[in-house]
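Colleague: Show me the folded form of this:
(2 chains)
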Amino acid sequence: MDKNILVIGAPNTGKTHFGGQLYGRLKSNTCTYKLRETPDDLSVFQDILQKLNNGVPGDHTPSSINKELVLPILSKENDEINLVYPDYGGEQITQIVKSRKINSNWQNQINESTDWILFIRLNLVELPSDITNRFYSHISRTEETSPTDLDGITDKSQIFYIELMQILLSANKSQIDKPFLQIFISCWDELTTNEKPEKILNEKMPLFFDFIKNNWGAHYSVIGIAATGISLESDNPNEDFMLDGPEEHGFIIMGDGKKDTDLTLSLKQIINND
Amino acid sequence: MADKCKYKVECTDPKEEGCLLGLRDYKECPYLKNGSEQVESTDIIVDNDLPIYWTGNSFGEIDLKSLTYEKRPYIIGLVGSSNAGKTTLLATLYMLLRSGEKFKDFSFVGSKTLLGWENLAHFLTLKADNQTQFPPHTSRNTGRVPGMLHLKLKDKKGLIHDFLFTDAPGEWFQTWANKADDENAKGARWIDENSDAFLLFADCKSFSTKLGEARLELKSIAERLRNNIEDRNVALVWSISDFIVNEKVKSKIENSICDLLPVVSSYNVSVKAEGEAKLLLNIIELFNWIMKAVIEKTNKEIIIQTKHSTDYFFAIR
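Modeller: Numbering: from 1, shown residues only, chains lettered A, B, ... in the order given. Next comes the predicted model:
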């Protein structure tokens, strides 16, 4: 089966780290899914693999980068899956919402994709404090202020994600009306929670969660991802990473809340949905 | 001839119809060409990017087309004097939904005016200095059609509906109450003609501080609304109800309004509900009620009458 993944992720949501760690697990031959053969072109993840092996985080992916990795995967049942996984600068996503335009590269990706992966770094998403969750006695009227100092919708807000998904859905001219949506709550280790991924998504992004349920029905999945398992620092290389190798680090939290170190399981729902 | 944009060939009159690029002020359009200038073919900008057909800002008349292609939207008109709290009510509804409050009978499917909603909420959202402010006075001179905020909702039967809520300056209604065909009342007329239901605002602050004037204003608007009301639902909204109005006064006002209009429900709302979340949640209930009422009214079951006849003439058709 051929799987073209549309990866949707704003800057700093962990797309590149996940890609690098996923590749590491696939080639380790110890996980649920493995590589049938080594891909021809590994340049997409060359930098991240090097950095992780040195115990430091990867560089910020430049906004203009658009690359993809073709992964020939084999399942335990000997099914062959060709998975195309792209990597790109997350600013392209924020630019789509800001400019309200989809360039031809993105149009092609959307139309050719079979499944969508959405990265949300929940720790960076904030629910604004307003009069519905804080009561204030002093509310004053102003005649002069106009909304010129409005920030617009930033990627710290669930509203950004709703608008982003609305835009991508409207641009989808492919055969598939609603491709399967896999939501990755990335950098899960930052959250310090024992809740199930869906529950915490609903807590922090309630309107977005309703939007997803009503637009995708049952055709979606939410899991937690901690690609490196812990935070890495550029100026302080992690000894464990250098000793064990990055393949020994990182975990996912499945829909039922169970933790697993097999990062390839993150693809399970996508591969099983056909 | 009107100034128009050379980027969008469909742009004919941005001053009246709004900017197709979504700019709040069409004069900021970088492609604006003076009305008397010819638009040359070399001026037309070719762009392979796929533009998104909605701007995210509040809807004007031109945006309505994007919804009416799919299915007729329901329009709820918010009617009342200046400072009666119409815009604040909308902003608060949005913030309640944003923070996870749910309608009893509907769930959120989407909105084409998220930026418009955020603009409203912007002023009632806490800033670093712990100050909140009411949204600025909705400007009067924004054309013949009010700004409208959009919600796409799914009901308990799984059916999807588009709702538009009008956000118009109070002066429109005050002018319209005084003189129905006034040039400056065309927006109010539009709301009167096109709404499926109304929220009529009685501002408790005005009623408690200048009763006579407030009563007159409310009644004159209700009297104007009465002419074309037919069987459209009206909910009477006692806004800013942290100001207390004598129950007898309230009752009298309600009765006189009910004589004019088919007011089917009345709600007390306030956004300054210190320790009294009920008045805030009344807002959710209010909107839930009016939306449900509108759907039920327009979706009356079609009853097909079956005639049973013993006349053999009808036996074979």
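
Colleague: Go through chain B and flag its longest helix.
Modeller: helix B:277-298 (DSSP state H).

Colleague: so what does that helix touch, helix or strand wise?
Modeller: Applying 3 or more C-beta pairs under 8 Å, 6 or more residues apart in numbering or on different chains; DSSP states H and E, one finds that helix B:277-298 makes contact with strand B:74-79, helix B:86-98, strand B:147-155, strand B:160-167, strand B:197-203, strand B:233-239, strand B:263-268. From N, CA and C alone the C-beta is placed, and that goes for glycine too.

Colleague: Buried residues, the third one. List them.
Modeller: So that's strand B:147-155. Of the residues in strand B:147-155, B:147, B:148, B:149, B:150, B:151, B:152, B:153, B:154 count as buried by neighbour count, 16 or more other C-beta atoms under 10 Å in any protein chain shown.

Colleague: Let me know the closest of the residues you listed to chain A.
Modeller: Nearest to chain A, judged by C-beta to the nearest C-beta, of those is residue B:154 at 5.3 Å.

Colleague: Name the residues linked to that closest one by a beta bridge.
Modeller: When assigned by DSSP bridges, residue B:154 has beta-bridge partners residue B:107, residue B:160.

Colleague: Do I have it right that it meets residue B:162?
Modeller: No - assessed by C-beta atoms under 8 Å, residue B:154 is found out of contact with residue B:162, at 11.1 Å.

Colleague: returning to that earlier point: make CSV out of the buried residues of strand B:147-155 and add distance to residue B:186 and pLDDT.
Modeller: Converted to CSV, the buried residues of strand B:147-155 look like this (distance: C-beta to C-beta, whole Å; pLDDT from 0 to 100):
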residue, distance to residue B:186, pLDDT
B:147, 14, 88
B:148, 15, 92
B:149, 20, 94
B:150, 22, 95
B:151, 26, 97
B:152, 28, 97
B:153, 29, 97
B:154, 34, 97
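
Colleague: Nearest to residue B:59 among those residues?
Modeller: Checking the buried residues of strand B:147-155 against residue B:59 by C-beta to C-beta gives residue B:148 as the nearest, at 4.2 Å.

Colleague: hey, what's the closest one bridged with?
Modeller: Applying DSSP bridges to residue B:148 yields these beta-bridge partners: residue B:59, residue B:166.

Colleague: Give me the residue ranges of chain B where confidence is low.
Modeller: Within chain B, the ranges that satisfy pLDDT under 70 run B:1-48, B:62, B:69-70, B:123-144, B:272-277, B:300-312, B:314-317.

Colleague: Just give the number of residues close to residue 91.
Modeller: Defaulting to chain A. Residues near residue A:91, counting by other C-beta atoms under 10 Å in any protein chain shown, number 16.

Colleague: actually chain B
Modeller: Residues within reach of residue B:91, counting by other C-beta under 10 Å, total 28.

Colleague: pLDDT weak spots in chain A?
Modeller: Chain A contains residues with pLDDT under 70 at A:133-152, A:274.

Colleague: How about the secondary structure of residue A:83?
Modeller: Classification of residue A:83 using DSSP: H, G, I helix; E, B strand; the rest coil returns strand.

Colleague: for the closest residue to residue A:260 other than its chain neighbours, helix, strand, or coil?
Modeller: Distance criterion C-beta to C-beta, 6 or more residues apart in numbering or on different chains; nearest residue to residue A:260, sequence neighbours excluded, is residue A:252 at 5.5 Å. Assigned with three-state DSSP, residue A:252 falls in the strand class.

Colleague: Same check on the one 5 residues further on?
Modeller: Assigned with three-state DSSP, residue A:257 falls in the coil class.

Colleague: next SSE after the helix or strand residue A:6 falls within?
Modeller: For residue A:6, the host element (DSSP states H and E) is strand A:2-9. Per DSSP H and E, the first helix or strand lying C-terminal to strand A:2-9 is helix A:15-27.

Colleague: list the buried ones in stretch A:190-206?
Modeller: Neighbour counts using 16+ other C-beta under 10 Å place A:191, A:193, A:196, A:197, A:198, A:200, A:201, A:202, A:204, A:205, A:206 of stretch A:190-206 among the buried residues.

Colleague: For the first one, give me its contacts.
Modeller: When you say that, I think you mean residue A:191. For residue A:191, the contact set (C-beta atoms under 8 Å, 6 or more residues apart in numbering or on different chains) comprises A:122, A:123, A:185, A:200, A:224.

Colleague: Can you say which of the helices and strands packed on helix B:277-298 is nearest to residue A:20?
Modeller: When these are compared (using C-beta to C-beta), the closest one is helix B:86-98, at 35.3 Å.

Colleague: sorry, back to before: the strand holding residue A:6 and chain B in contact?
Modeller: No - Strand A:2-9 is not in contact with chain B by C-beta under 8 Å from any C-beta of the partner chain; minimum separation 15.1 Å.

Colleague: so who does residue A:157 touch?
Modeller: A:125, A:126, A:128.

Colleague: Looking at those residues, state which has the most neighbours.
Modeller: Neighbour counts for the contacts of residue A:157, by other C-beta under 10 Å, peak at residue A:128, which reaches 20 neighbours.

Colleague: mind checking the SS state of it?
Modeller: Judged by three-state DSSP, the three-state class of residue A:128 is coil.

Colleague: Residue A:34 contacts residue A:71, correct?
Modeller: No - checked against C-beta under 8 Å, the pair residue A:34 and residue A:71 is beyond contact range at 10.2 Å.

Colleague: what sits in contact with each of the two?
Modeller: Common neighbours of residue A:34 and residue A:71 (criterion: C-beta under 8 Å, 6+ apart): residue A:26.

Colleague: Looking at the two, which is more packed in?
Modeller: Taking neighbours as other C-beta under 10 Å, residue A:34 and residue A:71 compare with residue A:71 leading, 23 against 17.

Colleague: coming back round to it: any idea which of the buried residues of strand B:147-155 is the one closest to residue B:293?
Modeller: Closest to residue B:293, out of all of the buried residues of strand B:147-155 and judged by C-beta to C-beta, is residue B:153, at 14.1 Å.

Colleague: So what would you say the end-to-end distance of stretch B:197-210 is?
Modeller: Criterion C-alpha to C-alpha, to the nearest Å; first-to-last residue distance in stretch B:197-210 is 28 Å.

Colleague: Is any residue of that stretch near chain A?
Modeller: No - judged by C-beta under 8 Å from any C-beta, stretch B:197-210 stays clear of chain A, getting no closer than 11.3 Å.

Colleague: Now that stretch: buried residues?
Modeller: By neighbour count on 16+ other C-beta under 10 Å, the buried set for stretch B:197-210 is B:197, B:198, B:199, B:200, B:201, B:202, B:203, B:204, B:205, B:206, B:207, B:208.
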